[in-house]
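In: dropping a prediction and its sequence here:
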Amino acid sequence: MGNLWTSFVELASQFILYLSQLFNNNYAMGIISFTIITRIILLPLMQYQMKITRKTAELQPEMKKLREKYSARDRQTQLELQSAISELNKKHGVNQWAGCLPLLLQLPIMIALYQAISTTKELTTGHFFWAELGKTDATFILPALAAFFTWLNSWLTLQGQTKDMQQGKALQLYFLPTMIFFLSISYNSALALYWVVGNMFTVLQTLLLNNPFKIKAERENKIKEEKAKQRALKKAKARALKRK
């Protein structure tokens, strides 16, 4: 297993060096290209994750009804609630664990990148404008950008969710960017650059392919149409009763 991981790190290192050569041995551009390529490879999984998030948002009214139905706090009722939610997710093809897959796949890539930078002499001496890739960014600019784009990505994701889904996620909105900031000032600048580019890519992907403002508008229009339909039905029933 150790040899397999070492081979993976060496492969990442050689690939970044190859990409850097395409940009006249610009190692920062090599890392940026590496990040974009890995994000493009992960794009189908990221789209699947977005699809799961959107379906989960659409199921919130039914989830709310189930929680009201199984509102008792005893263990048996809570087990029945979990079973009912599981059946609802299964019926609509929602797999919550599969939605975590893109994040889990990014972890080994991120660790491999850090080790590749640390063990490859050429990459440790590379620069991205003011920052030396093998050292921490003393200006804190890259860590701040990494934290900002992480926050922006999380904020955009929340905009496409229902109010029920947004509840309790305020801490999450600030926890991850804060963690990214402190990790970025603790490790080399290459890792911060990876987070900046990766989250910028995800922000653009979200705006272009899963625009939360468009999703929110569509959901609100659907709710308005449903309410209008219910009002029309009530009026029709009222007219029918008057005729009787």
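Out: In hand now; what should we look at?

In: quick check: phi and psi at H127.
Out: phi -130, psi 150 (degrees, to the nearest 10).

In: so for stretch 192-207, what gets flagged as buried?
Out: 192-203, 205-206 (16 or more other Cβ atoms under 10 Å). For every residue, glycine as well, the C-beta is placed using N, CA and C.

In: now stretch 31-41: average pLDDT?
Out: Computed over stretch 31-41, the mean pLDDT rounds to 90.

In: hmm, I was thinking of stretch 204-217
Out: 83.

In: could you do stretch 232-244 as well?
Out: pLDDT averaged over stretch 232-244 gives 74.

In: after the helix-or-strand element of the chain with minimal mean pLDDT comes which helix or strand?
Out: When the helices and strands of the chain are scored by mean pLDDT, DSSP states H and E, helix 163-166 comes last with a mean of 64. Going down the chain from helix 163-166, the next helix or strand is helix 170-184, by DSSP states H and E.

In: for that next one, buried residues please.
Out: For helix 170-184, burial by neighbour count (16+ other Cβ under 10 Å) applies to P177, I180, F181, L183, S184.

In: can you redo those residues as JSON lines with pLDDT?
Out: Output for those, formatted as JSON lines (pLDDT from 0 to 100):
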{"residue": "P177", "pLDDT": "90"}
{"residue": "I180", "pLDDT": "91"}
{"residue": "F181", "pLDDT": "93"}
{"residue": "L183", "pLDDT": "89"}
{"residue": "S184", "pLDDT": "89"}
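
In: ok, the buried residues of stretch 192-207 vs I111, which is closest?
Out: Y194 (11.0 Å; Cβ to Cβ).

In: any idea which element that closest one lies in?
Out: Going by DSSP H and E, Y194 is in helix 189-209.

In: now the next helix or strand after that helix against helix 189-209, angle please.
Out: Later in the chain than helix 189-209, the nearest helix or strand by DSSP H and E is helix 212-243. Interaxial angle, helix 212-243 versus helix 189-209 (axes from the mean of the first three to the mean of the last three Cα atoms, to 10 degrees): 30 degrees.

In: before we move on, the earlier item: among the buried residues of stretch 192-207, which one sits closest to N26?
Out: Closest approach between the buried residues of stretch 192-207 and N26, by Cβ to Cβ: L193, at 12.2 Å.

In: for that closest one, give me the pLDDT.
Out: 90.

In: got a list of what it touches?
Out: L193 is in contact with A28, I31, I32, T35, F128, A131, L133, L142, counting by Cβ atoms under 8 Å, 6 or more residues apart in numbering.

In: phi, psi of the fourth one?
Out: Going back to what we said before, that points to T35. Torsion angles, degrees, to the nearest 10, at T35: phi -60, psi -50.

In: for it, which non-adjacent residue is spatially closest?
Out: Leaving aside its chain neighbours, T35 sits nearest to V197 (4.4 Å; criterion: Cβ to Cβ, 6 or more residues apart in numbering).

In: wait, isn't the one you found in contact with I32?
Out: Yes - using Cβ atoms under 8 Å, V197 makes contact with I32 at a distance of 5.2 Å.

In: per the annotation, how does the chain divide into domains?
Out: Domains of the chain are assigned by automatic domain parsing as 2-59+94-210, 60-93.

In: so what's the residue count around P44?
Out: 10 (other Cβ atoms under 10 Å).

In: which helices and strands sit right next to the helix or strand hosting it?
Out: If you go by DSSP H and E, P44 is part of helix 27-58. On a contact count with 3 or more Cβ pairs under 8 Å, 6 or more residues apart in numbering; DSSP states H and E, helix 27-58 meets helix 2-22, helix 101-119, helix 121-124, strand 127-128, helix 189-209, helix 212-243.
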